[in-house]
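In: this one's sequence-less:
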């Protein structure tokens, strides 16, 4: 029988720290890899991740402890560094404490492979404008592939509803970084393509480091954008070189918000445009009628047509009938558009989540995040309970 040993978290972390400090192989070693997430602070400290194709590790180079060789270190640089393993008891994590960095004069392997892949896909025509599908002029339903908890999805919903609150949104929640993210993005695009009522797709995320955005540089992700049957926008928040999905998509947007601005006309302006067309048609109809009446009067004065007054009268009646018919067509058209707008407004009201609260349901959130499971809570947590007529601030006493 083994002896049962139980540690507190502090005891365990202290033991791990002691092991690291006493292990000579974890001190004063060299490490090679590729830089990502490079961040210089005003204090002079440098933070970054060092990675290869399979793993990465956090690194910090404190101003007082390391010799900086290159001021222009950037994402993608291949480097060799010298340092120690540092362990932080209170957080329970470790990182490399860098003393010295040597920059290699070559582009990182990942970027080199990306450039090679980009050239191959371009040579095969995947980025050609002849395959770009136009966005629908007035989309009724938009599909979105992004992280359900990120700022991107909130920006998209807010901007869509601001520009046209009659538009429906289908959201496919997907990981947008890390292991498996590419597969989830691809699956989301495939699923939304199978929903008939969806008119177009926005797939993307907010900004981040190079590795955060790398899922949108994967070949299978770019091919999913290219193979989408519905028009698709690549909406990844970055200002540097285009990602593969930017090149393969029908339209590239610098941010998720811009993607909505490019694809959703403002409803107010659409209504104004419709009213302008109505005025134009009425003016055109009036001018045509005036012109035809003048022409008719001129013919009636003609000596050779005076004996054809009955024919003239019939033609005049026919003209009046056509005028009335055209007026009815315009009125029907305007009534049809009005009904469409009213139906969309009614649908939006019906889908309003506040209606659910009126039926006695409530929404529980913790720190602004919706609570779907007791696993998200612990005793003592403060939660907000949203009911129909207000909010209730409560404290969790016990999880059962």
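Out: Looks like it came in fine. The model shown is predicted, which means the values in this text are computed figures rather than measured ones.

In: the strands in the stretch 101-250 of the chain, which residues?
Out: Taking DSSP state E, counting those that start in this stretch, the strands of the stretch 101-250 of the chain run over residues 141-146, 168-173, 200-205, 232-236.

In: got those strands as JSON lines, with mean neighbour count, distance to residue 340 and mean pLDDT columns?
Out: C-beta coordinates here come from the backbone N, C-alpha and C atoms, glycine included. Listed next are these as JSON lines, based on neighbours: other CB atoms under 10 Å; distance: least, CB to CB, whole Å; pLDDT from 0 to 100:
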{"stretch": "strand 141-146", "mean neighbour count": "25", "distance to residue 340": "14", "mean pLDDT": "96"}
{"stretch": "strand 168-173", "mean neighbour count": "17", "distance to residue 340": "14", "mean pLDDT": "96"}
{"stretch": "strand 200-205", "mean neighbour count": "29", "distance to residue 340": "19", "mean pLDDT": "96"}
{"stretch": "strand 232-236", "mean neighbour count": "28", "distance to residue 340": "25", "mean pLDDT": "95"}
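
In: export these to a markdown table and tack on distance to residue 396?
Out: Below are the strands of the stretch 101-250 of the chain laid out as a markdown table (distance: least, CB to CB, whole Å):
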| stretch | distance to residue 396 |
| --- | --- |
| strand 141-146 | 30 |
| strand 168-173 | 26 |
| strand 200-205 | 32 |
| strand 232-236 | 37 |
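
In: wait, isn't residue 81 in contact with residue 100?
Out: Yes: here residue 81 reaches residue 100: they are 6.5 Å apart, a contact under CB atoms under 8 Å.

In: Confirm residue 34 sits in a strand?
Out: Yes: using DSSP: H, G, I helix; E, B strand; the rest coil, the assignment for residue 34 is a strand.

In: just so I know, which of the strands of the stretch 101-250 of the chain lies nearest residue 381?
Out: strand 168-173 (23.9 Å; CB to CB).

In: Quick one: work out the angle between that closest one and strand 141-146.
Out: With axes from the mean of the first three to the mean of the last three CA atoms, to 10 degrees defining the directions, strand 168-173 sits at 20 degrees from strand 141-146.

In: what's strand 168-173 packed up against?
Out: strand 141-146, helix 151-163, helix 181-193 (3 or more CB pairs under 8 Å, 6 or more residues apart in numbering; DSSP states H and E).

In: ranges for the helices of the protein?
Out: Using DSSP state H, the helices found in the chain span residues 9-22, 109-123, 151-163, 181-193, 210-213, 219-227, 244-248, 256-263, 267-300, 309-350, 353-358.

In: Rebuild those as a markdown table, extending it with mean pLDDT, distance to residue 366 and mean neighbour count.
Out: Rendered in a markdown table, the data for the helices of the chain read as follows (pLDDT from 0 to 100; distance: least, CB to CB, whole Å; neighbours: other CB atoms under 10 Å):
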| stretch | mean pLDDT | distance to residue 366 | mean neighbour count |
| --- | --- | --- | --- |
| helix 9-22 | 88 | 23 | 13 |
| helix 109-123 | 88 | 38 | 14 |
| helix 151-163 | 92 | 17 | 18 |
| helix 181-193 | 96 | 25 | 20 |
| helix 210-213 | 79 | 25 | 20 |
| helix 219-227 | 97 | 33 | 20 |
| helix 244-248 | 96 | 34 | 24 |
| helix 256-263 | 93 | 25 | 22 |
| helix 267-300 | 76 | 35 | 12 |
| helix 309-350 | 83 | 28 | 12 |
| helix 353-358 | 66 | 18 | 12 |
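
In: Compare these and report which one is nearest to residue 59.
Out: Using CB to CB, the nearest of the helices of the chain to residue 59 is helix 210-213, at 13.6 Å.

In: chain center to that closest one, what's the gap?
Out: For helix 210-213, the separation from the chain centroid amounts to 15 Å (computed by CA atoms, centre = their mean, to the nearest Å).

In: got it, and stretch 364-373?
Out: Averaging C-alpha positions (CA atoms, centre = their mean) puts stretch 364-373 22 Å from its chain's average.

In: next one: stretch 194-209
Out: Between the centre of stretch 194-209 and the centre of its chain there are 6 Å (CA atoms, centre = their mean).

In: First residue to last residue on that stretch, what's the distance there?
Out: 32 Å (CA to CA, to the nearest Å).

In: Residue 138 is in contact with residue 344, correct?
Out: No: contact between residue 344 and residue 138 fails when scored by CB under 8 Å: they sit 11.1 Å apart.

In: thinking again about what came up before, so for residue 81 and residue 100, which residue has more residues nearby?
Out: A side-by-side neighbour count of residue 81 and residue 100, using other CB atoms under 10 Å, places residue 81 first with 23 against 15.

In: What are the structural domain limits within the protein?
Out: 9-107, 113-263, 267-350, 357-395 (automatic domain parsing).
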